[in-house]
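Asker: What follows is a protein structure lacking sequence information:
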């Protein structure tokens, strides 16, 4: 039985729905985004013992807490650190005592972005506070827990209309602006949300442990994604290149952030679908 802590957000809600479809016994929590299917849980105040279902849980997936906006974390580091390191640590300790396997969704931000093609064993050296908190939690997990999964991902692409992701952001930007600039020098390895859900279930079902890098596209940039969207939907606005550091951002960004997913690829032989394949299935008014 799986508990998703943070099942009302982009990743958590998709994963919850996917596991339900796959007939997995899954529970999810929410805090602000009320959902009748989910259990209200205050990450700052509540303990896992407050959940009536906790005694039957075998896996706890941590996707809640940390803002996915790097600049926001840079600005509110003290509050984010309190919520995401200290409280996450306490909840993971509870999991340890209850023999619940922890699955932690981490980030490529634990790397500095100087060389790219990072493996699971590459040296971790974050250059922003978002990455620093992610690294602190990773280190705690490795130091304290016997059974765990750390899943490092980059930007998430969702094709659901209600989800806000790099896809919807790019389409909105192309529609609203006469001239649209997208960074071409920040390289990353995005993952389609349906691929993420499928890979999580595969790893859990096969009792895998350790660290895994998950992606759908080996390396790309916001500019390349914008090009594909503009071409596919035949938009009049054509994307233009810019440098990520030319944008007024608070948090530093690494440039070569792409993740090497050979470890996962070696145990799963399913062929990945292209970006264009997913766009064909997309039903959105652009």
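Answerer: Thanks, I have the structure now. Since the structure is predicted, the reported quantities are computational estimates derived from the model, not experimental observations.
Asker: got the contact list for residue 258?
Answerer: In this structure, residue 258 makes contact with 108, 116-118, 154, 187-189, 215, 218-219, judged by C-beta atoms under 8 Å, 6 or more residues apart in numbering. Placement of C-beta: from N, CA and C, glycine included.
Asker: Between those, which sits nearest residue 88?
Answerer: Each of the contacts of residue 258 was scored against residue 88 by C-beta to C-beta, and residue 108 proved nearest at 18.7 Å.
Asker: which residues touch that closest one?
Answerer: 118, 152-154, 188-189, 254, 257-259.
Asker: hmm, which two among those are most spread apart?
Answerer: 153 and 254 (14.9 Å).
Asker: which stretches of this structure form helices?
Answerer: In the chain, the segments counted as helices under DSSP state H are 10-21, 70-75, 77-81, 87-97, 129-144, 166-176, 193-205, 222-232, 262-265, 275-281.
Asker: Pretty sure residue 264 sits against residue 212.
Answerer: Yes. In this structure residue 264 lies within contact range of residue 212 using C-beta atoms under 8 Å: 4.9 Å.
Asker: Compare the two (neighbour count), which wins?
Answerer: Neighbour totals were compared for residue 264 and residue 212, and residue 212 leads with 22 against 19 (other C-beta atoms under 10 Å).
Asker: what's the distance between the more buried one and residue 148?
Answerer: Note on residue 212: its distance to residue 148, by C-beta to C-beta, to the nearest Å, is 11 Å.
Asker: what's the answer for residue 268, then?
Answerer: According to C-beta to C-beta, residue 268 stands 19 Å off from residue 148.
Asker: Count the neighbours of residue 280 for me.
Answerer: Counted with other C-beta under 10 Å, residues neighbouring residue 280 total 9.
Asker: Could you do residue 12 as well?
Answerer: Applying other C-beta under 10 Å, we find 23 other residues in the vicinity of residue 12.
Asker: nearest spatial neighbour of residue 29, skipping sequence neighbours?
Answerer: Spatial nearest neighbour of residue 29, excluding adjacent residues (C-beta to C-beta, 6 or more residues apart in numbering): residue 41 at 3.7 Å.
Asker: Could you double-check that the one you found lies in contact with residue 31?
Answerer: Yes. With contacts counted by C-beta under 8 Å, residue 41 reaches residue 31, the gap being 6.4 Å.
Asker: ok, these two, which is more surrounded?
Answerer: Higher neighbour count among residue 41 and residue 31: residue 41, with 21 against 18, using other C-beta under 10 Å.
Asker: And the more buried one, how far from residue 169?
Answerer: Counting by C-beta to C-beta, the gap from residue 41 to residue 169 is 28 Å.
Asker: cool, and residue 89?
Answerer: Between residue 89 and residue 169 the distance is 32 Å, computed by C-beta to C-beta.
Asker: my guess is residue 35 contacts residue 8, does it?
Answerer: Yes. Taking C-beta under 8 Å as the contact criterion, residue 35 and residue 8 are neighbours in contact, 5.4 Å apart.
Asker: Contacts only, for the residue nearest to residue 132 when sequence neighbours are not counted.
Answerer: What sits nearest to residue 132 in space, not counting adjacent residues and going by C-beta to C-beta, 6+ apart, is residue 126, at 4.9 Å. Contact analysis of residue 126 by C-beta under 8 Å, 6+ apart lists 109-112, 132, 134-135.
Asker: Next, residue 126: phi, psi?
Answerer: Torsion angles at residue 126 (phi, psi; degrees, to the nearest 10) stand at phi -70, psi 150.
Asker: and if you look at residue 154?
Answerer: Backbone torsions for residue 154, taken as degrees, to the nearest 10, come to phi -110, psi -140.
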